[in-house]
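Participant: Got a sequence here, can you model it:
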Amino acid sequence: MSNFKKVIIFGIVAAIVQALMGLAYAKDLEHNFATLDKDKDGLISLRESTANIELLKNFNKVDLNGDGFISQKEFSISASINQEF
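Facilitator: Below you'll find the model as predicted:
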């Protein structure tokens, strides 16, 4: 097998692994959000955030629109900029 073919195959495998890791990360985010959203209204309230001390400490930073709740979109955005909850 030529080096070119090996590089192409390696690139394809790397892309597949990266995609699978992205799916696992998204599932983890969904699970974490669902766990915190105790009343299942699609939002995390300040009260619900007390279950996660890091989220509670950063609540106002994560609540991007300042409505007093964290939506799944806000949660995902914050997690994507390296805030671990």
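Participant: what's the model's confidence in stretch 77-85, averaged?
Facilitator: The pLDDT scores in stretch 77-85 average 74.
Participant: ok, now which ones touch Asp63?
Facilitator: Counting by CB atoms under 8 Å, 6 or more residues apart in numbering, Asp63 makes contact with 69-70, 74. Placement of C-beta: from N, CA and C, glycine included.
Participant: Determine the longest helix present in this structure.
Facilitator: Scanning the chain for the longest helix, with DSSP state H as the assignment, gives helix 3-36.
Participant: Phe75: neighbour count?
Facilitator: 24 (other CB atoms under 10 Å).
Participant: Then Val62?
Facilitator: Residues lying near Val62 (other CB under 10 Å) number 21.
Participant: Now do the contacts for it.
Facilitator: The neighbours of Val62, taking CB under 8 Å, 6+ apart as the test, are 55, 70, 74-75, 78, 83.
Participant: Touching the next helix or strand after the longest helix of the chain from outside, list them.
Facilitator: Next in sequence after helix 3-36, counting helices and strands by DSSP states H and E, comes strand 43-45. Residues outside strand 43-45 that contact it (CB under 8 Å, 6+ apart) are 33, 36-37, 39, 55, 68-71, 75.
Participant: let's see it at 10 Å
Facilitator: Here strand 43-45 makes contact (CB atoms under 10 Å, 6 or more residues apart in numbering) with 32-39, 51-52, 55, 59, 62-63, 67-72, 74-75, 85.
Participant: so where's this protein shaky on pLDDT?
Facilitator: Counting by pLDDT under 70, the chain shows low-confidence ranges at 18-26, 82-85.
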